[in-house]
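S.K.: From the sequence below, what's the structure:
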Amino acid sequence: MAKKSSLDSYLGNYLFKKPEKKEDGSIMTERYKTYINLFDMFLNGGLPRGRIITIGAEEGVGKTTLLIQALGNIVENSDKKVYYMDIEGGAYYELFEAMGYAYLLYDPDDNPNGRLYLLNLTTIQEVAAVIKKVAADPNTAAIVIDSDTDVVDGNALEEEDLGTSNKAAASNARMWSKSIGLIKAIIKGSNACLIMVHQARIDLSGFMPKVVATGGRAIKHATSVEIWGKRKGWIMEDFSISKAAKDRENAIGASVLFTTYKNRLSKPFMSVSIPIFFGKGVSNKWAYKEWLEENEWIDEVTAEVIPFIQKKGSWFNLSLPNGIKKKVQGDSKVWEFVNENYEYIKEYVDTHGGFKLFKSSTKSSTPFDKN
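M.R.: Predicted coordinates for the structure are as follows:
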């Protein structure tokens, strides 16, 4: 073996290290499982360590609920700490309590052993300082900024005009451009995954309105995975899906189509539909129900192709390869059938290919239309 020169030894601290790969050829980046089946599959195994991901969606589809569940599951299944920076004010205590994660919240007096930290921050200076501190802890698994849209420049708060002058406005516009590179460097050298939440805003500067993220291209360039979600429909009390805007008030959740518009860790422009129940989270059982609705099985004796779930009007013919057959009326009865046979269904799906991502039908720069 050739002897290393002093230069080679010096450069060895900075040389590219060949990553490990899975059997399918994909790169192995250490991840934290969120135990939300569809979300973990979408992220190729979970939240990537040492990376920044962004999640954007229209208001009210359940982004906060999804992330609280992900962080709560990480804490429950590991010895890691997670941090939720509530800039927007949507991660209120009652939501953690309703979802069953309030007991994980750190409190110096009542729960000093809590590993889920809910932080109320306002300025980019506060955000950057906290990230620097917590990312230095090797036990930090995830940090959420919800949302980057609401972060303000603390220097503007010192101005008499509160940043409303042309000079101050220009400075605020460069806020993320100046900060995100340093934040990326901190995260890159840590064990943490930083999740930045975009609250979608309308850009009217061009001929056609479009929805974009705050922070412009600065944040986009720093992220490894950029995810946008678009509501497909409202989940009603009988578990049916409605696309009518008037049904929003009575909805118990939303079916959201998430698409990767940038992905350095896997394939871009892949999509998955995730049901988010307001104040509860994502049901893994629902994912199996949707799989049954989209697939069939073959009778080994008759070679007949049989749908797992066949809809005829308001009635459903339900059939499983183990011989269980049932005819029910209404979506809620289908849900009961899945609940009753969940263990069998789960084992069958997992051993017959499991869930698959699907290719997005669009590669436009924005996942939203003008409506």
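
S.K.: Okay, and the nearest residue to residue 317 once chain neighbours are set aside sits in which element?
M.R.: Nearest residue to residue 317 in three dimensions, chain neighbours excluded: residue 310, at 4.3 Å (Cβ to Cβ, 6 or more residues apart in numbering). For every residue, glycine as well, the C-beta is placed using N, CA and C. Secondary structure from DSSP states H and E places residue 310 in strand 309-312.

S.K.: Distance from the chain centre to that strand, please.
M.R.: 31 Å (Cα atoms, centre = their mean, to the nearest Å).

S.K.: That one: partners in the sheet, and parallel or antiparallel?
M.R.: Strand 309-312 sits in its sheet next to strand 315-319 (antiparallel), going by DSSP bridges.

S.K.: Give me the contacts around the partner strand.
M.R.: 297, 306-310, 324-330, 333-334, 337 (Cβ atoms under 8 Å, 6 or more residues apart in numbering).

S.K.: Mark which of the residues you listed are buried, thanks.
M.R.: 297, 307, 308, 309, 328, 333, 334, 337 (16 or more other Cβ atoms under 10 Å).

S.K.: Farthest-apart pair in those residues, please.
M.R.: Farthest pair in these (Cβ to Cβ) is 297 and 333. Separation: 20.4 Å.

S.K.: that older thread, going by distance to residue 175, which of the buried ones among the contacts of strand 315-319 wins?
M.R.: The closest of the buried ones among the contacts of strand 315-319, once distances to residue 175 are taken by Cβ to Cβ, is residue 334, at 49.1 Å.

S.K.: Mind checking what secondary structure that closest one has?
M.R.: Using DSSP: H, G, I helix; E, B strand; the rest coil, the secondary structure recorded for residue 334 is helix.

S.K.: Quick one: residues in contact with the helix or strand residue 82 falls within.
M.R.: Using DSSP H and E, residue 82 maps to strand 81-86. Strand 81-86 is contacted from outside by 67-68, 71, 74-75, 91, 115-121, 127, 130, 134, 137, 139-146, using Cβ under 8 Å, 6+ apart.

S.K.: what's the offset of it from the middle of its chain?
M.R.: Computed by Cα atoms, centre = their mean, the chain-centroid distance of strand 81-86 equals 15 Å.

S.K.: try stretch 89-104
M.R.: That offset, for stretch 89-104, works out to 18 Å (Cα atoms, centre = their mean).

S.K.: Now do the buried residues in that stretch.
M.R.: In stretch 89-104, counting by 16+ other Cβ under 10 Å, buried: 90, 91, 95, 96, 98, 99, 101, 102, 104.

S.K.: shouldn't the fifth one be in contact with residue 277?
M.R.: To tie it back to what came earlier, the one meant is residue 98. No: contact criterion Cβ atoms under 8 Å: residue 98 and residue 277 do not qualify, at 10.6 Å.

S.K.: pretty sure residue 75 is touching residue 104, no?
M.R.: Yes: using Cβ under 8 Å, residue 75 is in contact with residue 104, at 5.1 Å.

S.K.: Give me the common contacts of those two.
M.R.: 115, 116.

S.K.: Next up, the contacts around the residue nearest to residue 317.
M.R.: Contacts of residue 310 by Cβ under 8 Å, 6+ apart are 316, 317, 318, 319.

S.K.: Redo those as JSON lines? Include neighbour count, distance to residue 239 and pLDDT.
M.R.: As requested, the contacts of residue 310 are exported to JSON lines (neighbours: other Cβ atoms under 10 Å; distance: Cβ to Cβ, whole Å; pLDDT from 0 to 100):
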{"residue": "316", "neighbour count": "20", "distance to residue 239": "12", "pLDDT": "96"}
{"residue": "317", "neighbour count": "15", "distance to residue 239": "18", "pLDDT": "96"}
{"residue": "318", "neighbour count": "19", "distance to residue 239": "14", "pLDDT": "97"}
{"residue": "319", "neighbour count": "19", "distance to residue 239": "19", "pLDDT": "96"}
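
S.K.: tell me the mean pLDDT for stretch 333-346?
M.R.: Averaged over stretch 333-346, pLDDT sits at 94.

S.K.: Of all the residues in that stretch, which ones are buried?
M.R.: Buried, per 16+ other Cβ under 10 Å, within stretch 333-346: 333, 334, 335, 337, 338, 341, 345, 346.
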